[in-house]
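>>> Mind looking at a prediction? Sequence and model below.
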Amino acid sequence: MAHNVQVEKNNQESTANLIRRFTRRVQGAGIIPRMRGNRYYSRTKSENVRKEARLKKLAGKEAYEKLLKLGKIQERPRGRRR
């Protein structure tokens, strides 16, 4: 999935402005975050590890809902903290 980003110099445009336009075009294409994500190799987790993580998450969710229903804890606020 290669993205070629190309800009051409307009009449009476400075090279600094050309570089600025190029960097904006590269950021808009999303190339930099994808390259930073590909910087280090990440091994895919095995099916057993993924299954265990899902079960652990479900167990934690059930425990949270049970405590919430009993009134032992308050509901967590959603969204960003300020």
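The structure has been received and is ready for your questions. Numbering: from 1, shown residues only.

>>> Which residue ranges make up each domain of the chain?
Per the record, the chain has its domains at 9-42, 46-75, by automatic domain parsing.

>>> can you count the residues close to Tyr64?
Number of residues near Tyr64 (other CB atoms under 10 Å) recorded here: 13. (Each C-beta comes from the backbone N, C-alpha and C, glycine too.)

>>> what are the ranges of the helices in this structure?
15-29, 31-37, 47-70 (DSSP state H).

>>> a markdown table for those helices, including mean pLDDT and distance to Lys9?
Listed next are the helices of the chain as a markdown table, based on pLDDT from 0 to 100; distance: least, CB to CB, whole Å:
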| stretch | mean pLDDT | distance to Lys9 |
| --- | --- | --- |
| helix 15-29 | 92 | 5 |
| helix 31-37 | 87 | 21 |
| helix 47-70 | 97 | 50 |
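
>>> and the domains of the chain as a markdown table, adding distance to His3?
Listed next are the domains of the chain as a markdown table, based on distance: least, CB to CB, whole Å:
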| stretch | distance to His3 |
| --- | --- |
| domain 9-42 | 5 |
| domain 46-75 | 31 |
